[in-house]
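S.K.: Fold the following, please.
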Amino acid sequence: MSRASAIFQLTSRKATWLVFVMTALVVADLTRGVSTAAPRSDGGASNSTRSAAEAGDDVATAVARKLGLGTRKMASALLTRAPAREIRNAVHGGTAKRLLWPVEQGNFVRGFGYVRKVRRELPHLGVDIAARTGTPINAAADGLVAYADDGVKGFGNLLILVHGDGAVTSYAHCNRLLVRVGESVSRGAPVAEVGSTGISKGPHLHFEFRTRGKPRNPMKRFDRPKQEPKAPSLAVAAFVPHYAAL
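M.R.: From the prediction side, this is the model:
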């Protein structure tokens, strides 16, 4: 083999090796780019979601602070008199002329008025709906969360919504509250869970409806009114034992 041929073959091998190395480097760079781009994309989406949630929290906090919502004083006021005009004006959505049955799978167990079997002189200011602990409670109408805490004696975890026409609905003895003070909620949205907090002997929702600060019987306002039985069924009485004696 001539010297020129040997030099040519050596040069060809070096060129082939150089091309191989450069190709490997390019592929590695492309692979790195793909693997790092995906997390950035996901991270951006997560950050956007977090930003939207944080913005919603900020709005709710600002509304609550501006209107003085969320305090025990506010809860007491809403349970005794009509909401102030600025609170009514802050409500987005419809009125409470028609109400959604707040516990879809709940059983009616006690009605409004002088229905107690003990201490008959005390009126029952709402209706009781029995269901298992953790069962979703839905907003009966569009409204503004004016109170969501456990500071009102006897009610346990209590949620109070103000509606566009000035009506007020209350959801007591909840296991958990799922919304924030100052937040706007839509009819049918999950706002709490059935529980047995406060003065309660079994899991149920105590639901109250008020207009102009006065408690009213809500039964005729429900879209699909539940029949008011004279006494709880045996199944319900067994599920919530204390109702059998009330």
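S.K.: And the residue lying closest to Ala62 once chain neighbours are set aside, what's its pLDDT?
M.R.: With sequence-adjacent residues excluded and distances taken as Cβ to Cβ, 6 or more residues apart in numbering, Ala62 is closest to Gly182, at 7.2 Å. Quick note: C-beta positions are derived from backbone N, CA and C, even for glycine. pLDDT recorded at Gly182 is 97.
S.K.: Could you pull up the contacting residues of Pro218?
M.R.: By Cβ atoms under 8 Å, 6 or more residues apart in numbering, the contact list for Pro218 reads 99, 112, 126-127, 140, 169, 207-209.
S.K.: which of the residues you listed has the weakest pLDDT?
M.R.: Scoring these by pLDDT puts Phe112 last, at 73.
S.K.: Test my guess that it contacts His206.
M.R.: No: if you go by Cβ atoms under 8 Å, Phe112 and His206 don't touch, sitting 11.1 Å apart.
S.K.: Could you count how many residues lie near Val179?
M.R.: When neighbours are defined as other Cβ atoms under 10 Å, Val179 has 19 of them.
S.K.: Arg212 too?
M.R.: With other Cβ under 10 Å as criterion, Arg212 counts 11.
S.K.: Likewise for Val59?
M.R.: Neighbour number of Val59 under other Cβ under 10 Å is 14.
S.K.: How is this structure partitioned into domains?
M.R.: 1-67, 73-245 (automatic domain parsing).
S.K.: what touches both of Phe112 and His206?
M.R.: 126-127.
S.K.: more crowded one of those two?
M.R.: More neighbours surround His206 than the other of Phe112 and His206, with 23 against 20 (other Cβ under 10 Å).
S.K.: Just confirm that one is within a helix.
M.R.: No: assessed by DSSP: H, G, I helix; E, B strand; the rest coil, His206 does not belong to a helix; its assignment is strand.
S.K.: Next up, the contacts around it.
M.R.: 126-128, 155, 170-173, 200.
S.K.: List only buried entries from those residues.
M.R.: Listed as buried from the contacts of His206 are 126-128, 155, 170-173, 200; burial here means 16 or more other Cβ atoms under 10 Å.
S.K.: what's the helix or strand for Val91?
M.R.: Assessed by DSSP states H and E, Val91 sits outside every helix and strand.
S.K.: err, Thr95, not the other one
M.R.: Going by DSSP H and E, Thr95 is not part of any helix or strand.
S.K.: Neighbours of it, how many?
M.R.: So Thr95, with other Cβ under 10 Å, has 14 neighbours.
S.K.: what's the answer for Val91, then?
M.R.: Neighbour number of Val91 under other Cβ under 10 Å is 23.
S.K.: For it, give its distance to Ser184.
M.R.: For Val91, the distance to Ser184 equals 7 Å [Cβ to Cβ, to the nearest Å].
S.K.: So which of the contacts of Pro218 sit within strands?
M.R.: Residues of those located in strands (DSSP state E): 127, 169, 207-209.
S.K.: Quick one: residues contacting the closest residue to Gly188 other than its chain neighbours.
M.R.: Residue nearest to Gly188 in three dimensions, not counting chain neighbours: Asn138, with 5.1 Å by Cβ to Cβ, 6+ apart. Neighbouring residues of Asn138 by Cβ under 8 Å, 6+ apart: 100, 102-104, 187-191.
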